[in-house]
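> give me the fold of what follows.
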Amino acid sequence: MKLFGLKSGENADQGLTVRSNIKYGDKHAFDVYRAGEERLPVVVHFAGAESGDRDSYAGMASYLARLGFAVVVTELPGGGAEENLTAARQLFEHLKFWGAGEKLDINSTFFSGDGTGAWTAFTAGLKVDPEDNYCIKPMGLIGFSGVYEPMELAKLDYKGARRALKYGFGIGKEGTMADGVVSLITENSPPVFFAHSDGDGLSYAETMLLKTALRRNGVAYSEFRAAFRRAKFDFYKKAASPEGAAALRAAARFMTAVTDKTEFSGEYTEI
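Numbers count the residues shown, from 1 in each chain. Below you'll find the predicted structure:
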């Protein structure tokens with residue numbers, strides 16, 4: 001099977017190109033990783049608002065780019081949940097116009113995120129308004145060690161999660177906890193991929209709630225679980241490691257299956 005001229009799961013022969021610090025919206029910026037000159041499906045990845053470093057995603061983005069995707073990596077402002085969603089909308093508006101001249105297939109876009117960025121990716125994807133010409137309707141949603149239920153995060157370990165809650169959801173500024181994504185999932189939701197590690201207790205607990213909601217609504221999903229390999233919460237960013245590469249290959253298989261428009265039933269991968 002080929003995806004946009006590249007064999008699924010194989011590295012592109014064409015050279016990798018990176019365009020950095022492209023401005024959009026209210027003084028925000030993103031980077032784009034891609035290989036070759038063909039029109040490519042897009043992964044829009046929202047970095048957790050508390051990370052503050054797009055460069056730390058270079059290995060992850062480069063790996064996915066060599067598997068046949070244009071990867072857009074953006075930071076979030078971290079002023080609160082609504083501010084993050086506003087930044088996401090500004091990015092989508094920008095990509096609608098800018099991407100057309102850059103051979104980005106906006107109609108084949110996946111929203112991705114890690115940490116608190118997963119909440120933004122999923123919320124933006126599940127709240128998309130089909131009547132809004134500036135919105136992008138994602139083909140699928142991707143979460144890496146994601147936060148999906150801020151309230152549950154606070155219950156599990158408020159002290160350990162305080163930084164994520166402050167910068168990802170504005171706790172201490174807005175004074176209210178953002179709603180979770182589980183209540184937004186319906187039978188019409190796009191398919192989902194999520195990766196997590198048993199070594200990261202917070203995201204593992206969050207994943208269980210997400211999985212239950214997906215099953216209840218009959219939404220197809222793929223799960224990658226690092227159960228036997230010692231993997232920290234950001235293992236997916238280290239593409240040179242066996243567990244990082246395995247997670248990214250699983251994500252690429254998910255996106256290939258969805259874009260191939262065949263019957264998608266999901267996949268479970270455990271290492």
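> dihedrals phi and psi, residue 197?
The phi and psi values for residue 197, taken as degrees, to the nearest 10, are phi -130, psi 140.
> and what of residue 146?
Dihedral angles phi and psi of residue 146 (degrees, to the nearest 10) take the values phi -90, psi 160.
> verify the stated contact: it with residue 122.
Yes: if you go by C-beta atoms under 8 Å, residue 146 and residue 122 touch, sitting 7.5 Å apart. Backbone N, C-alpha and C define where each C-beta goes, glycine included.
> mutual contacts of those two, please.
By C-beta atoms under 8 Å, 6 or more residues apart in numbering, residue 146 and residue 122 have these common neighbours: residue 113.
> looking only at neighbour counts, state which of the two leads.
Per other C-beta atoms under 10 Å, whichever of residue 146 and residue 122 has more neighbours is residue 122, with 31 against 28.
> could you list every residue that touches the more buried one?
Contacts of residue 122 (C-beta under 8 Å, 6+ apart): 111, 113, 141, 143, 146, 148, 181, 184.
> repeat that with 7 Å
For residue 122, the contact set (C-beta atoms under 7 Å, 6 or more residues apart in numbering) comprises 141, 143, 148, 181.
> so which bits of stretch 27-41 are buried?
Across stretch 27-41, burial judged by 16 or more other C-beta atoms under 10 Å covers 28, 30-36, 40-41.
> what's the farthest-apart pair in the residues you listed?
Every pair in those was compared (C-beta to C-beta); the two farthest apart turn out to be 28 and 36, at 27.0 Å.
> now for the helix or strand where residue 34 lies, which elements pack on it?
Residue 34 is part of strand 28-35 when elements are defined by DSSP states H and E. Packing partners of strand 28-35 (3 or more C-beta pairs under 7 Å, 6 or more residues apart in numbering; DSSP states H and E): strand 16-24, helix 58-66, strand 70-74, helix 81-98.
> show me what the mean pLDDT comes to for it.
Mean pLDDT, computed over strand 28-35, is 94.
> restricting to C-alpha, output it in CSV.
Below are the C-alpha coordinates for strand 28-35, written out as CSV (Å, rounded to 0.1, in the frame of the first residue of the first chain):
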residue,chain,number,x,y,z
HIS,A,28,2.5,32.7,18.0
ALA,A,29,4.8,30.5,15.8
PHE,A,30,5.1,27.0,14.4
ASP,A,31,7.6,24.8,12.6
VAL,A,32,7.0,22.5,9.7
TYR,A,33,8.8,19.3,8.9
ARG,A,34,8.3,17.5,5.6
ALA,A,35,10.2,15.3,3.1
